[in-house]
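Colleague: The following block contains a protein sequence and its predicted model.
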Amino acid sequence: MYVVDAIDWTHTCVSGAWQGESLCPPGGACVPPLAESCSSPVRDHGAGVVEIGPVEAGAFRPFAMGEEVAVIYGGQGSPMIEYRVRTESDAPECTELVSTLRTPVTTDVLDRLRLRTRCGRSLGIFTILPQTDPCPEPGLVDVELEVELTGIGSTTVNLRIPSEAFCVPLAG
C-alpha cells in the first residue's frame, strides 16, 4: 500500500497481473502515480529475463522489432516515448534501471533511475527524446532502445519513431 494525495492505494498480484484499487472519496478523482520509485535498489539479484513493451490496456506484451512508437509531448513540450518493463515475478521489487537510446546521430544514456516493480511489472516510464539539429529527414527514424536492470539483465529492441520528435524546437 502507498499513499498519493492522502488517498490509500493497494496493489496486489492476481494471476500474475498487477491490480490496484483505492479508497477514493465518492465523486472524487483518484489518479495513481505514473511510475513508482524506491529507495534501496537491489543490484546483485542474479541473471533474469528483462522485457520492454508498450503501455496499453490488457496483458503485457513486448515490443515487436521495428514497431512504430507514438510520441507523447509533455506539458513543457518535450517529446517522449513511454514503455513498461517486465521481469520474472520473483525479481526484487526495487531495481536500478539504465536506458540507452541509439539513433543515427547520437547515443544517449537517457535514464538512470530506481524503479519499483510489482509482480515483475512496472508502471509506465516516460523517456525524453534527444533533440538534434538539423532535423532528420521526414519519416520514421530507426532507433535502438536498450534497457538494463542492474544485476538482473538487459534487453534491446529496434523501434521506429517519427522524425519530427527529434527536431530542436524553433525559438519563438
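Modeller: Nice, I can see it. Numbering: from 1, shown residues only.
Colleague: For residue 87, grab the count of nearby residues.
Modeller: Residues lying near residue 87 (other C-beta atoms under 10 Å) number 22. Where you see a C-beta, it was placed from the backbone N, CA and C, and this is true even at glycine.
Colleague: Could you measure from it over to residue 125?
Modeller: Counting by C-beta to C-beta, to the nearest Å, the separation of residue 87 from residue 125 is 13 Å.
Colleague: got it, and residue 131?
Modeller: Here residue 131 is placed at a distance of 20 Å from residue 125 (C-beta to C-beta).
Colleague: For those two, indicate the residue with more neighbours.
Modeller: Taking neighbours as other C-beta under 10 Å, residue 131 and residue 125 compare with residue 125 leading, 22 against 14.
Colleague: residues contacting that one?
Modeller: Residue 125 makes contact with 35, 82-85, 97, 99, 111, 113, 115, according to C-beta atoms under 8 Å, 6 or more residues apart in numbering.
Colleague: In CSV: these, plus secondary structure and distance to residue 68.
Modeller: Below are the contacts of residue 125 laid out as CSV (DSSP: H, G, I helix; E, B strand; the rest coil; distance: C-beta to C-beta, whole Å):
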residue, secondary structure, distance to residue 68
35, coil, 23
82, strand, 14
83, strand, 13
84, strand, 17
85, strand, 20
97, strand, 23
99, strand, 19
111, strand, 21
113, strand, 25
115, strand, 25
